[in-house]
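Peer 1: A predicted structure for the sequence below; I have some questions about it.
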Amino acid sequence: MVAAAAQRRETAGRRRIQTGLAVAGALVVFSTLWEVYKLLGGIIDDRWPDILPVRPDNLTMPHVWEIAGSFIEPVQRGRSEILAMSLLKAAGFTLIEAGLGFLIGTVVGLGLAVLMLRSFWLDRALVPWINISQTVPLIALAPIVVTWGRTTFLGDTVSVALIAAYLTFFPVAVNGLAGLKSPAPEALELMRSYAAGWSKTLFALRLPAARPYLFPAFKLAATLSVVGAIVGEISAGIRGGLGRVILDYAGRYTTGPEKLYAAVIAAALLGLFVFGMANLAEARILRGENQES
Amino acid sequence: MTMLTPVPAISIQGVGKTFNPDSDERVVALEGIDLDVAATEFVSLIGPSGCGKSTLLRLIADLITPTTGTVEVFGRSAHEARLDRDYGMAFQSAGLFSWRKVARNIELPLELMGWSKADREARSAEMLELVQLPEFGNHYPWQLSGGMQQRVAIARALSFKPRLLLMDEPFGALDEMTREHMQNELLDLVAEVGTTVVFVTHSISEATFLSDRVVVLSPRPGRIHAIIDVPLGDRRTEDTREDETFFKSTTEVREALRQVGASA
């Protein structure tokens, strides 16, 4: 059993290295394709202008090395702070909003799942509204929520977190309900045979059984919380986060296109980071319970 | 071994169960069931599929309620008996909680009953000893074989030392050899703890080997067709399976099953 565990750890380690290599490989391939497009596109564009979907010039498509290099260049002429540092600060700001949004969304989502489990009528009444909620464009809602925040004690950070929560509660509620309903009839009969009531059954059986359903939802919710926070920042015009940075660099695109690319990459990395955290939490919490992990 | 005690462990009188009584899918699962089970008696329920043997077990467990008649467990209603945790239960699938280690699975009912951590741990260690898995308390269920998981499920059912054990085809998913081994172990365990057992099975030899009495049910609607005494006494071993009386009783059960149309 110990040897098997060691074996499993070893294969897990090897798998991690393979994943790392694959990701790096994909990055190299993508960068190469980008540059090859620019090179060949330049020739094609000279001979037959306007037939390419994206123009290969340095304003539309900066060189890969220019984008990479922009990270270590000063944010602005005359300032000592490099772009990477500035993006890191902005990402930290956005991360707080996203994290708060994730927490609110998780609590609300789980709460809704438990309510829908508890009551047949609430289930009937809530499901259509929960589905409709996701068809409302976030951009349209964001200014309303921000206005609420500014006229009450909530403030901008909480407003943006609420916007993020609007996206994150959905997968948690949907998967959570499926997970809460997942125990086999025999497991429920077993709890009943112990004269365990509804809440004891919820905590001892349904919630733990829901965890394998919840973690994929958490991973999705984590990345959605970043998307929600950035969209919230942009539509509310809040300073300090990645949303505002993206907006600023989009406005000054012609003087430094590579900076916008760098900001978008930073946003993607932030999404990747929160996804990784959720993944890590899953591995930690479910460790050993299943044969697969 | 049908002792006549003042209060039987289980007393079933005129019990019937109809599912969906008011709809087109109305099913009469059981009808006119009368059965007493004495304390420390081992009774098997056998019959073709659809005869309502699992339904009868669930009526005793108060997991469902009868349409007609009464079920009493140790002199009280089945409902009160359930609330007092008078019985332990085991199913065909071991049904261990995958997120709990083996010892913590055994401790589940104790936890729900509010036992202290020290008491729970002492009892689960004792139960693991009893089902001969003392070194597996710290394993997760998936690390155990099917037979071992079923032993844990039985340990869980008996952890709070209930006076009654209800088992629904607990060895149904095991291979023949493991199954016979588990039957011997179960008899030892039951003798040691001194519980009454109601055991649902569709194996004739299993029913005969384990039971003081075998109740043969007929299907649609489920009724008691015959009750067969198995005079094998209290001490049953591997040799019992080659005993003349064992063959005779097995034949008796098989004959009864043929009469109710089971293709056994």
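Peer 2: Arrived safely, thanks for sending. Numbering: from 1, shown residues only, chains lettered A, B, ... in the order given.
Peer 1: Give me every residue in chain A lying close to chain B.
Peer 2: Taking CB under 8 Å from any CB of the partner chain as the contact definition, chain A meets chain B at A:1, A:184, A:186-187, A:189-196, A:200, A:204-205, A:208-209, A:211, A:286, A:288-291. Yep, even glycine has a C-beta here, placed from its N, CA and C like the rest.
Peer 1: surely residue A:67 meets residue A:260?
Peer 2: No: using CB atoms under 8 Å as the test, residue A:67 is too far from residue A:260 to be in contact (9.4 Å).
Peer 1: Which residues does stretch B:172-188 contact?
Peer 2: Residues outside stretch B:172-188 that contact it (CB atoms under 8 Å, 6 or more residues apart in numbering or on different chains) are B:42, B:92-93, B:131-132, B:145-147, B:150-151, B:154, B:170-171, B:201-203, B:206, B:209-210, B:236-238, B:241.
Peer 1: Ok, stretch B:129-136 next?
Peer 2: Residues outside stretch B:129-136 that contact it (CB under 8 Å, 6+ apart) are B:102, B:125, B:128, B:143-144, B:148, B:151-152, B:154-155, B:158, B:185, B:189, B:192.
Peer 1: which SS class is the residue nearest to the spatial centre of chain A?
Peer 2: Computing the C-alpha centroid of chain A and ranking residues by CA atoms, centre = their mean puts residue A:223 first, at 0.7 Å. Classification of residue A:223 into helix, strand or coil gives helix, according to DSSP: H, G, I helix; E, B strand; the rest coil.
Peer 1: quick one: contacts for it?
Peer 2: For residue A:223, the contacting residues are A:271, A:274, A:275, taking CB under 8 Å, 6+ apart as the criterion.
Peer 1: which residues touch the residue in chain A sticking out farthest from the centre?
Peer 2: With distances taken as CA atoms, centre = their mean, the residue sitting farthest from the centre of chain A turns out to be residue A:47, at 42.8 Å. Counting by CB under 8 Å, 6+ apart, residue A:47 touches no other residue.
Peer 1: re earlier: now, the contacts of stretch B:172-188 that are in strands?
Peer 2: Counting by DSSP state E, the part of these found in strands is residue B:42.
Peer 1: Just the buried ones from the contacts of stretch B:172-188?
Peer 2: Restricting the contacts of stretch B:172-188 to buried positions leaves B:42, B:92-93, B:131, B:147, B:150-151, B:154, B:170-171, B:201-203, B:206, B:209-210, B:236, B:241, with burial counted as 16 or more other CB atoms under 10 Å in any protein chain shown.
Peer 1: Quick check: end-to-end length of stretch A:190-210?
Peer 2: Length of stretch A:190-210, first residue to last, CA to CA, to the nearest Å: 17 Å.
Peer 1: May I see the buried residues of the helix or strand containing residue A:124?
Peer 2: When elements are assigned from DSSP states H and E, residue A:124 belongs to helix A:120-133. Of the residues in helix A:120-133, A:126, A:130 count as buried by neighbour count, 16+ other CB under 10 Å.
Peer 1: average pLDDT across it?
Peer 2: Here the mean pLDDT over helix A:120-133 is 91, rounded to a whole number.
Peer 1: Toward the C-terminus from it, list the very next helix or strand.
Peer 2: Using DSSP H and E, the helix or strand that follows helix A:120-133 towards the C-terminus is helix A:138-151.
Peer 1: And that following helix, what does it pack against?
Peer 2: With contacts defined as 3 or more CB pairs under 8 Å, 6 or more residues apart in numbering or on different chains; DSSP states H and E, helix A:138-151 has these neighbours: helix A:155-180, helix A:207-236.
Peer 1: Wasn't residue A:243 part of a strand?
Peer 2: No: assignment of residue A:243 by three-state DSSP gives helix, placing it outside any strand.
Peer 1: ok, the closest residue to it other than its chain neighbours to chain B distance?
Peer 2: On the basis of CB to CB, 6 or more residues apart in numbering or on different chains, the spatially nearest residue to residue A:243 that is not a chain neighbour turns out to be residue A:233, at 2.7 Å. According to CB to the nearest CB, to the nearest Å, residue A:233 stands 39 Å off from chain B.
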